[in-house]
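> A predicted structure for the sequence below; I have some questions about it.
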Amino acid sequence: MRARVRGLLSTRHEYRVLGLMLASVHATVWWDPGGAVSSSLVLAHLGLFLIWQPIWSRELRLSWGGALVFVLAMVIFVAWLNRWLVSFWLLLLIGLVGGRITVGRVERYAYLMALLFLVSDLLLGSIPRVFAVETLGPEVTTPFGYGLLLVALALILLPGEKRSPGHGYTVDFLYGLTMSMLTAILGMGTLISMYATGLPYAVALCQTVLVIALFLLAISWLWAPFAGVSGFGRIWERYLLNIGTPVEGWLAQLEDAAQNARLPQDFLRTAMTQLLELPWVAGVSWWAAETGTLGVATSHTLNITSGRLHTTIHAHRPIGPALLLHGRLLINLIGHFHRAKEREQELAQRAHMQAVYETGARITHDIKNLLQSLHTMTLAVQNEDDSARDDGLERLLRRQLPHLTQRLQLALDKLQAPRESKATRCRLTEWWEALKARNDTQAIRFESRITSDPLIPAELFDSVADNLLENARLKRQSEPFLNIEVKLISEGNRITLRVSDDGAPVDPDVRDNLFRAPVKSRSGLGIGLYQAARQAQQMGYVLSLRESERGQVCFELHNN
């Protein structure tokens, strides 16, 4: 039994149910509604209407209370059944059918046929019988009444459509109300024209149809823009948007506040101050990262939540449905800009922390390289004999201490003002000689081909060279016979610095992310080169792994 009921509720039988429902109400209109047959037809019609109705979902389980209310309404309807009640019921059906939102072509034609059927039943069947008006005579009305049954039969024979679950049975209230009102005006206008002019009902109906058609044509002509005039449609749309408030100017002020305010709380206070300028707003309170209150409190309140922004609007008058939707739209716009300001502040904080992190990472590697230089100096002093220690130590200190002092001063400057530190520039040959002097005891081969002597960012070249040489020296601990070579080429505006060795290649897992992100490695390779690559990119240089094969590993720094 349940399976049969569910099958009847399926969308495949929608047109059959609609056709049977129209046929039963048609028989009630054209026969005497007070008889037992008409009462039985009305009961069947109401049952079919409950199956077809587009108000509640067909999958919804009807509660006992709702079922009891529907049964009582059916009993009252049948007990007081008369032609007036049937006419009002037809107007209700016209609204439901006329306001139905259709998708497919078959569905659209089916509901147009049903609408034509109901309007004809009301104007040619129900209203003439209510007011005891002669229409076209039995020789015309009787075949016409039977002919309308063919429309119901056509609906019954229409193939059903299987719709997707997202396609619901929706009714546009405005369209349905407009269709019911037009039909009621058509019927009442016909009666007034008939009684005022003495014309037959059929002639008065045709005249009223023509008058209403001309009226609708004029309205549609005035509604659309023409000859530079915006038309009633634009005026109506602007009224629906403004609800009597200068919303266009308010939106422009809101945009200016979003552009000029630096902090989210500043924007929020400015936006709420502008909201208070609307004529219907008496006061406003809000809760977000901070709280605030403006204006005066009234008994007419509207509570709206948009994200983390909670707002209470106090109005001068009771808030209706239209003003409720309007207020929600305004607060949602404020909430949208407020969230954008919060994200902007968060991104600025992240950028600052990123700058601090990158500066700290560079300084860490600079200090590590400085400590390595100090360690090298200490080893050199310890390895020299007493006779040559004084002269060698003096030469070593003269070469290394000025450079170490300069590097420490640069690190200190970056710590104090990471965003304001400027790159120190020097001649390429000067930097090259200082690099060779600092590493003359490290068994490193230096080779150069310099035809030009441009200015270079000394900090960048020191950072890249020290990182690459430090990694090579760490690699030499596991490969004692490793040969390290540094080569500098300067031809015109092209500067290339290469650090190579004849050891094992870089691990493939490390190589893929070497200059893209910090990587973990046994020798520490990764974060120093990552920071050096970022620094090189900012200064117009490129740091890359040129070769990575056994016996030939080469890193290269060159300008763009």
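Yep, it's here. Numbering: from 1, shown residues only.
> just the CA coordinates of stretch 138-156, formatted as CSV?
Below are the C-alpha coordinates for stretch 138-156, written out as CSV (Å, rounded to 0.1, in the frame of the first residue of the first chain):
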residue,chain,number,x,y,z
PRO,A,138,-27.1,26.1,-23.8
GLU,A,139,-26.3,25.2,-27.4
VAL,A,140,-22.8,26.8,-27.0
THR,A,141,-22.0,26.5,-23.3
THR,A,142,-22.8,22.8,-23.1
PRO,A,143,-20.4,21.7,-25.9
PHE,A,144,-17.9,24.2,-24.5
GLY,A,145,-18.1,22.6,-21.0
TYR,A,146,-17.6,19.1,-22.4
GLY,A,147,-14.8,20.5,-24.6
LEU,A,148,-12.9,21.7,-21.5
LEU,A,149,-12.8,18.1,-20.3
LEU,A,150,-10.6,17.4,-23.3
VAL,A,151,-8.0,19.7,-21.8
ALA,A,152,-8.1,17.6,-18.6
LEU,A,153,-7.9,14.5,-20.6
ALA,A,154,-4.8,15.8,-22.5
LEU,A,155,-3.1,16.5,-19.2
ILE,A,156,-3.8,12.9,-18.1
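> for L268, what are its contacts?
L268 makes contact with W286, A288, E290, G292, L309, I334, H338 under the criterion Cβ atoms under 8 Å, 6 or more residues apart in numbering. For glycine as for every other residue, the C-beta is placed from the backbone atoms N, C-alpha and C.
> isn't R516 right up against Y530?
Yes: taking contacts as Cβ atoms under 8 Å, R516 lies within contact range of Y530: 7.4 Å.
> between the two, which has more neighbouring residues?
Between R516 and Y530, counted using other Cβ atoms under 10 Å, the more crowded position is Y530 (21 against 10).
> any idea which helix or strand carries the most centrally placed residue in the chain?
Centroid-nearest residue in the chain, with Cα atoms, centre = their mean: H336, separated by 10.6 Å. Using DSSP states H and E, H336 falls within helix 321-383.
> what about Q409, how many residues nearby?
Neighbour count of Q409, defined by other Cβ under 10 Å: 11.
> per-residue pLDDT, it?
Predicted confidence (pLDDT) at Q409: the value is 70.
> which residues does it contact?
Neighbour list for Q409: empty [criterion: Cβ under 8 Å, 6+ apart].
> ok, which pair from the contacts of L268 is furthest apart?
The largest separation in the contacts of L268, counting by Cβ to Cβ, is between E290 and I334 at 14.6 Å.
> which of those two has more neighbours?
I334 (23 against 10).
> if I look at the closest residue to that one other than its chain neighbours, how far off is L294?
Nearest-residue entry for I334: A271, 4.8 Å, with adjacent residues in sequence omitted and distances by Cβ to Cβ, 6 or more residues apart in numbering. As defined by Cβ to Cβ, to the nearest Å, A271 lies at a distance of 11 Å from L294.
> between these two, who's got more neighbours?
Using other Cβ under 10 Å, the more surrounded residue of A271 and L294 is A271, with 25 against 16.
> the more buried one belongs to a helix, doesn't it?
Yes: counting by DSSP: H, G, I helix; E, B strand; the rest coil, A271 falls inside a helix.
> i'd like the first residue to be 291 from this point on
Sounds good: first residue 291 from here, last item A561.
> pretty sure it sits against E545.
No: the pair A561 and E545 fails to qualify as a contact (Cβ under 8 Å) at a distance of 10.4 Å.
> and the helices in the stretch 491-640 of the chain?
For the stretch 491-640 of the chain, the helices defined by DSSP state H, counting those that start in this stretch occupy 491-513, 521-532, 537-550, 554-566, 611-673.
> could you single out the most deeply buried of the ones you listed?
Of these, the one with the most neighbours on average (mean count of other Cβ atoms under 10 Å) is helix 554-566, at a mean of 20.
> give the rounded mean pLDDT of that helix.
Per-residue pLDDT values over helix 554-566 give a mean of 90.
> ok, the closest residue to F407 other than its chain neighbours - contacts?
Using Cβ to Cβ, 6+ apart and skipping the chain neighbours, the partner closest in space to F407 is V441 (4.7 Å). The contact partners of V441, taken as Cβ under 8 Å, 6+ apart, are L312, M403, A404, L406, F407.
> quick one, which of those are buried?
Burial by neighbour count, 16 or more other Cβ atoms under 10 Å: within those this picks out L312, M403, A404, F407.
> same list (these) but as JSON lines, adding secondary structure.
Output for the buried ones among the contacts of V441, formatted as JSON lines (three-state DSSP):
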{"residue": "L312", "secondary structure": "helix"}
{"residue": "M403", "secondary structure": "helix"}
{"residue": "A404", "secondary structure": "helix"}
{"residue": "F407", "secondary structure": "helix"}
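> just curious, which of those is nearest to L414?
The nearest member of those to L414, counting by Cβ to Cβ, is F407 at 10.9 Å.
> how about that closest one, what does it touch?
Here F407 is in contact with L312, H316, L438, V441, A442 (criterion: Cβ under 8 Å, 6+ apart).
> please identify which of these is nearest to A748.
Nearest to A748, judged by Cβ to Cβ, of the contacts of F407 is L312 at 92.5 Å.
> before we move on, the earlier item: check contacts around the residue nearest to I624.
By Cβ under 8 Å, 6+ apart, the contact list for A561 reads L544, A547, I624, F627, H628.
> if I look at the residue nearest to the fourth one when sequence neighbours are not counted, how far off is L406?
With sequence-adjacent residues excluded and distances taken as Cβ to Cβ, 6+ apart, F627 is closest to A548, at 4.5 Å. In this structure, A548 and L406 are separated by 53 Å, where distance is defined by Cβ to Cβ.
> just the helices in the stretch 741-850 of the chain please.
Ranges of helices in the stretch 741-850 of the chain, per DSSP H, counting those that start in this stretch, are 748-768, 798-802, 817-828.
> rank those by pLDDT, which is bottom?
Among these, helix 798-802 scores lowest, at a mean of 78.
> C-alpha coordinates for that helix, CSV please?
Output in CSV follows, covering the C-alpha atoms of helix 798-802 (Å, rounded to 0.1, in the frame of the first residue of the first chain):
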residue,chain,number,x,y,z
PRO,A,798,67.8,14.4,-5.5
ASP,A,799,65.3,15.0,-2.6
VAL,A,800,67.3,18.0,-1.5
ARG,A,801,67.9,19.3,-5.1
ASP,A,802,64.2,19.6,-5.9
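> which parts of that helix are buried?
Buried residues in helix 798-802, defined by neighbour count with 16+ other Cβ under 10 Å: V800.
> so what's the residue nearest to G389 when sequence neighbours are not counted scoring on pLDDT?
Counting by Cβ to Cβ, 6+ apart, G389 lies nearest to G466, which is 2.5 Å off, once chain neighbours are set aside. Predicted confidence (pLDDT) for G466: 88.
> correct me if wrong: G466 contacts G385.
Yes: with contact defined as Cβ under 8 Å, G466 counts as touching G385 (3.8 Å).
> which one of the two has more residues nearby?
Neighbour count, other Cβ under 10 Å: between G466 and G385, G385 has more, with 22 against 19.
> buried residues in the host helix or strand of the more buried one?
Element membership of G385, judged by DSSP H and E, is helix 373-388. Neighbour-count burial for helix 373-388 flags R373, V376, S377, W379, L380, L381, L383, I384, G385, L386, V387, G388 (criterion: 16+ other Cβ under 10 Å).
> between those residues, which is nearest H303?
Set against H303, the nearest of the buried residues of helix 373-388 by Cβ to Cβ is V387 (17.1 Å).
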